[in-house]
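1. Predicted model follows, preceded by the sequence.
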Amino acid sequence: MEAISRIRGRTPLLQDYDVACRDFSWAQARAELDGLPGGRGLNIAHEAVDRHAHGSLADAAALRCHRRDGARRTLTYRELATETSRFANVLRQLGAAPGAHVATLLSRVPELYVAVLGTLKHGSVCSPLFSAFGPEPVAQRLRLGRIELLVTTPRLYRRRIAPLRHQLPQLRRALLVGEAAEIEPLAAAGEPVADLRALLDGAPGSWEIPATAPDQLALLHFTSGTTGMPKGAMHVHEAVVAHHQTGKVALDLRPGDVFWCTADPGWVTGISYGVIAPLTRGATVVVDEGELDADRWYRLLEEERVDVWYTAPTAIRMLMRAGADAARGYDLSRLRLAASVGEPLDREAVLWGEQAIGLPFRDTWWQTETGGIMIANLRALPVRPGSMGVPLPGVEAAVVRADPDAPSGAALDSAGRCAEVAADEPGMLALRPDWPSRFRGYLGDDDRYRRCFAGGWYLTGDLVRRDRDGWFWFVGRGDDMIKSSGHLIGPFEVESALLEHPAVAEAGVIGIPDPVAGQLVKALVKPAADRAADAELERELLAFARRRLGAAVAPREIGFVDAIPKNRSGKIVRRLLRARELGLPEGDTSTLEEGA
């Protein structure tokens, strides 16, 4: 089996995977953190900021922030501690009690970090929201999340909040990040807003973090809502143990590293690995307010001398379109790890990383519900292109028999146990629920939470297979699986094969009803710019897929489309593909990319 084993840069922090799995304990990982002084518990903000601000990293750069206009701002750990303490004091001055729910609706700006960590210092709950959502998705999450205070910009307030302000009686105040000239007209019009900068400047710069129990609620992360109502996954302060440990093992982060996570701070990756994990590791976090542009990104990697880069398949594919030559004019020799998250990374993207930046992109797998990386292609092991990787030390993973009719999606025997499947057989990915960053419930939906567990396992809803060497391979979401003539077929496998054809720019695969087979596999393809969507290309792709996948798995039909619908994190929304293909109602499309 093809694998990439070349290591660039420093020796991996985790060197012997088997030994690490044998000797690891979460108690040992907890002991690597300080805890609050005086044995008063465990607080994420203390581990990420304050302990460094009072130690050897006090004057080291915590954040290096790049604005869209090219301006830069650096915050040391000492300065970040002061700013976050001021934010905690602002919350107290505004009458927020410990445990209050505070939301952020911001792009990648310094105030986002100050608000998130300051909220956690205060003992309140932070709920990051995606700033590109429209008014209704934002209002929906503010209602479901019981948000009392919101940190956003004047522009976003006018566009996202003001139109539906009457539907949000629990929202007491919006703290606005921007120029006073933009904020004052809103206040004069009677809107319940305040200038965050003015409040921070008038607040004390010191704060004693109150006693924080490890199981105290810290973060409320909403899923995207593309398959129904958004779910508010609740995470506790103890999650910082997993953030710190997975930052070490999966991302190889160490003090003094320069780290860049391109994920939007409105999603769980942007908080777990854009804020918490790198700061607990003592790294310098690159923050870029700008949008994806190949030259801008390569220039940042070079100028900031980035050691570890964590990005997404959608971004990698956009860089691929710019061509490998676009990267070759930049010095990226400092980069020792490039990793991916958000959706499965196909083999071609992994190999393209070798060609363009001299490193393969290492895929990682986790969910909003897991709170942290569970499975990854580790630096200590060869990369197997197209694989999710192996479970991290401390993570017990299995593949159990799936049952779409069961409440949890997994088949149970008469004793309520899950049956594991043989190597290379597809099934449901299951995890033993004993890692610190696992979610502790869905806000207001205990029944849904209970259905995620069965037979002593957390059932992820993802279908995978595990090869004989222990590597995991993504097959598809349980609700996306296609059952054709008795075969369970994962759309991702078919899509990945089609993307290897040079005439395919994008592909989405669905099952369509068939009276004999039950379902037939149909691929919707966006052709490359230099190919026409005609019968010749259809025949070519059908033959190509049969050679690669075999007749049982290859698509029986090919259709051509102008675009494949995706949500904002780049995941294909197959329910929309099915709805459009079968003429069914499409439902809510508010979480999709514009023009998708």
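-> Nice, I can see it.
2. switch to C-alpha atoms for all contacts and neighbour counts from now on
-> Will do.
3. Can you tell me the closest non-neighbouring residue to P265?
-> Take P265 and drop its neighbours on the chain: the residue closest to it by C-alpha to C-alpha, 6 or more residues apart in numbering is I271, 5.7 Å away.
4. Would you verify that that neighbour is located in a helix?
-> Yes: with DSSP: H, G, I helix; E, B strand; the rest coil as the criterion, I271 is part of a helix.
5. Can you tell me the number of residues neighbouring it?
-> 23 (other C-alpha atoms under 10 Å).
6. Against R172, how distant is it?
-> 24 Å (C-alpha to C-alpha, to the nearest Å).
7. Ok, L319 next?
-> To R172, L319 is 43 Å away according to C-alpha to C-alpha.
8. The residue nearest to P265 and G329, how far apart?
-> Computed as C-alpha to C-alpha, the I271 to G329 distance reads 32 Å.
9. neighbour count winner among L319 and R172?
-> L319 (23 against 14).
10. if I read this right, the more buried one contacts A294, doesn't it?
-> Yes: judged on C-alpha atoms under 8 Å, L319 makes contact with A294 at a distance of 5.9 Å.
11. Find residues that contact each of these two.
-> When contacts are counted by C-alpha atoms under 8 Å, 6 or more residues apart in numbering, L319 and A294 have no shared neighbour.
12. In this protein, where is pLDDT below threshold?
-> Within the chain, the stretches with pLDDT under 70 are 1-2, 224-228, 478-479, 481, 483, 485-488, 516, 568-570, 585-596.
13. tell me the domain ranges of it?
-> Residue ranges for the domains of the chain, per automatic domain parsing: 17-365, 397-478, 482-582.
14. Of all the ones you listed, which one is nearest A376?
-> Taking C-alpha to C-alpha as the criterion, domain 17-365 is the member of the domains of the chain that comes nearest to A376, at 4.2 Å.
15. and the helix or strand encompassing L351, C-alpha only, in CSV?
-> Applying DSSP states H and E as the criterion places L351 in helix 347-357. Only the C-alpha atoms of helix 347-357 are listed here, as CSV (Å, rounded to 0.1, in the frame of the first residue of the first chain):
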residue,chain,number,x,y,z
ARG,A,347,-5.9,10.9,-2.1
GLU,A,348,-5.1,13.4,-4.8
ALA,A,349,-5.1,16.4,-2.4
VAL,A,350,-2.7,14.6,0.0
LEU,A,351,-0.2,13.9,-2.8
TRP,A,352,-0.6,17.4,-4.2
GLY,A,353,0.8,18.7,-1.0
GLU,A,354,4.0,16.8,-1.6
GLN,A,355,4.3,18.4,-5.0
ALA,A,356,3.4,21.9,-4.0
ILE,A,357,4.8,22.5,-0.5
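16. need the next SSE after it, C-terminal direction.
-> Using DSSP H and E, the helix or strand that follows helix 347-357 towards the C-terminus is strand 361-365.
17. So which elements touch that following strand?
-> Applying 3 or more C-alpha pairs under 8 Å, 6 or more residues apart in numbering; DSSP states H and E, one finds that strand 361-365 contacts strand 337-340, helix 347-357, strand 375-376.
18. In CSV, list the ones you listed along with distance to A31 and mean neighbour count.
-> Shown next, in CSV, are the helices and strands packed on strand 361-365 (distance: least, C-alpha to C-alpha, whole Å; neighbours: other C-alpha atoms under 10 Å):
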stretch, distance to A31, mean neighbour count
strand 337-340, 26, 24
helix 347-357, 35, 19
strand 375-376, 23, 26
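19. could I get those as JSON lines with distance to S206?
-> Converted to JSON lines, the helices and strands packed on strand 361-365 look like this (distance: least, C-alpha to C-alpha, whole Å):
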{"stretch": "strand 337-340", "distance to S206": "37"}
{"stretch": "helix 347-357", "distance to S206": "44"}
{"stretch": "strand 375-376", "distance to S206": "39"}
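20. H501: which of the ones you listed is closest?
-> So among the helices and strands packed on strand 361-365, helix 347-357 is nearest, using C-alpha to C-alpha, at 10.2 Å.
21. contacts for stretch 6-24?
-> Counting by C-alpha under 8 Å, 6+ apart, residues outside stretch 6-24 touching it are 248-249, 252, 334-336, 359, 379-382, 392-394.
22. could you point out which element follows the lengthiest helix in the chain?
-> Secondary structure assigned by DSSP state H gives helix 77-93 as the longest helix of the chain. Downstream of helix 77-93, the first helix or strand assigned by DSSP H and E is strand 101-105.
23. so F439 makes contact with H237?
-> No: using C-alpha under 8 Å, F439 makes no contact with H237, being 10.9 Å away.
24. Are we agreed that Q519 is in a strand?
-> Yes: counting by three-state DSSP, one finds Q519 located in a strand.
25. right, and it touches A552 too?
-> No: taking contacts as C-alpha under 8 Å, Q519 lies outside contact range of A552: 11.8 Å.
26. Tell me where the stretch 101-250 of the chain has strands.
-> 101-105, 125-129, 149-152, 173-176, 193-195, 217-222, 232-236 (DSSP state E, counting those that start in this stretch).
27. can you list the ones you listed in JSON lines and add distance to V275 and mean neighbour count?
-> JSON lines is the format used below for these (distance: least, C-alpha to C-alpha, whole Å; neighbours: other C-alpha under 10 Å):
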{"stretch": "strand 101-105", "distance to V275": "13", "mean neighbour count": "26"}
{"stretch": "strand 125-129", "distance to V275": "12", "mean neighbour count": "28"}
{"stretch": "strand 149-152", "distance to V275": "17", "mean neighbour count": "25"}
{"stretch": "strand 173-176", "distance to V275": "21", "mean neighbour count": "22"}
{"stretch": "strand 193-195", "distance to V275": "24", "mean neighbour count": "21"}
{"stretch": "strand 217-222", "distance to V275": "13", "mean neighbour count": "26"}
{"stretch": "strand 232-236", "distance to V275": "15", "mean neighbour count": "25"}
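28. list the buried ones in stretch 402-414?
-> Neighbour-count burial for stretch 402-414, counted by 16 or more other C-alpha atoms under 10 Å, picks out 402, 408-412.
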